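Novice: What follows is a protein structure lacking sequence information:
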């Protein structure tokens, strides 16, 4: 028998419960209460067990729903693709680099990114993913996108799963981004200092050295608008900006569309303008070679050359019947710079000039001229190819 109040076991014949002091009216009550209590206890135990299982299942379901929702919203493959396309449309190269899993280094940092690609925008981008692929291996995807200022554009890219973020969420990287170049070699002479995108090439990047040249290797850098600054031993700085590619061999010897520092550029422009004007006007007025040497600031190197004298006499013959007046040089633009082993500068320039013909009409045109300058701070012309002047008029 058991107490109807607390469920304690009752000694037969007792009128009070030894445990709680409850008065037992009769045996029938004891039996009745005892029976109810046992049933209640068993039922409650079953309820508790059921509730625990239910709560556990509900908790697991909630966790699963939250995981899938977060993974879909922030870490899914489609989400990464949309982020990449939006960044591309808005010139946000910092995000493109991040989504391409490119590590930053001396040549890839926030300043270089801003210098190369400019300021990002924040335009709305309408994106439509045209192809689906659930493979965890590298696979292609096709996307169509448009902005307010840009019509629909098709982009083909490749993507792959690359581990996890925060241990549990999927991580995808774009593998088709063509943003970097790797193992780019730069060959220069030992007495020349070189910077690539503002980073000085030191022994850290030296790969090979001989008596007359040094080769540096850059592990990887952003391939667009790579800025190479070359400082010669006379203080002249030549800057060349170009796109580079993986395993490309760069040299400081031959540079297309390069520029000189402002001071050097002014000196060379002035020297070349004065010399060209003097030689052309001398040929037009049939002056002798001795008068040309006297009127122009040529080095003895060039003025003493027989080939220069021969070329000038040929130029006079070419201009003999030309009725030209008011010849002037309007502009000189450097197209190519070659740096010789002795740091002498050879340049190819585009000369814009104008003149009046026999009908008094003003004509304007351009021609290419080749000239070299001494390796000093005076920048006297060391050589000029007069054959370039034959077809001026």
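Specialist: Structure's in. What do you need? Predicted model only: the values in this text are computed from it and were never measured.
Novice: What count of nearby residues applies to residue 231?
Specialist: 17 (other Cβ atoms under 10 Å). Placement of C-beta: from N, CA and C, glycine included.
Novice: so it touches residue 192, yeah?
Specialist: Yes - with contact defined as Cβ atoms under 8 Å, residue 231 and residue 192 form a contacting pair (6.9 Å).
Novice: Between those two, which contacts overlap?
Specialist: Common neighbours of residue 231 and residue 192, using Cβ atoms under 8 Å, 6 or more residues apart in numbering, do not exist here.
Novice: how about the helices in this protein?
Specialist: 27-70, 77-89, 93-99, 110-117, 262-284, 289-295, 300-303, 306-318 (DSSP state H).
Novice: Contacts only, for the closest residue to residue 318 other than its chain neighbours.
Specialist: Using Cβ to Cβ, 6 or more residues apart in numbering and skipping residues adjacent in sequence, the residue nearest residue 318 is residue 390, 5.0 Å away. Taking Cβ under 8 Å, 6+ apart as the contact definition, residue 390 lies against 314-315, 318.
Novice: contacts for stretch 262-278?
Specialist: Counting by Cβ under 8 Å, 6+ apart, 236-237, 259-260, 292, 295-298, 327-329, 332, 334, 345, 347, 349, 351, 369, 371, 373, 379-381, 384, 389 sit against stretch 262-278.
Novice: From the residues you listed, list the buried ones, please.
Specialist: For the contacts of stretch 262-278, a burial check counting by 16 or more other Cβ atoms under 10 Å picks out 236-237, 259-260, 292, 296, 298, 327, 329, 332, 334, 345, 347, 349, 351, 369, 371, 373, 379-381, 384, 389.
Novice: Next step: those residues restricted to strands.
Specialist: 237, 259-260, 327, 329, 332, 334, 345, 347, 349, 351, 369, 371, 373, 381, 384 (DSSP state E).
Novice: Could you identify the most distant pair in these?
Specialist: With Cβ to Cβ as the measure, no two of those lie farther apart than 237 and 327, at 32.7 Å.
Novice: Please list all residues in contact with residue 343.
Specialist: Contacts for residue 343 (Cβ under 8 Å, 6+ apart) come out as 189, 191-192, 232-234, 236, 375.
Novice: Can you lay out these as TSV showing pLDDT and distance to residue 310?
Specialist: Formatted as TSV, the contacts of residue 343 follow (pLDDT from 0 to 100; distance: Cβ to Cβ, whole Å):
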residue	pLDDT	distance to residue 310
189	88	33
191	84	35
192	88	35
232	87	32
233	82	34
234	81	31
236	87	31
375	64	26
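Novice: For ChimeraX, write the select line for the buried members of the residues you listed.
Specialist: ChimeraX command restricting these to the buried ones, with burial defined by 16+ other Cβ under 10 Å:
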select :189,192,232,236,375
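Novice: Now, the contacts of residue 343 that are in strands?
Specialist: Counting by DSSP E, no part of these is found in strands.
Novice: Distance to residue 10 added to the contacts of residue 343, as TSV?
Specialist: Listed next are those as TSV, based on distance: Cβ to Cβ, whole Å:
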residue	distance to residue 10
189	110
191	111
192	108
232	112
233	113
234	115
236	113
375	119
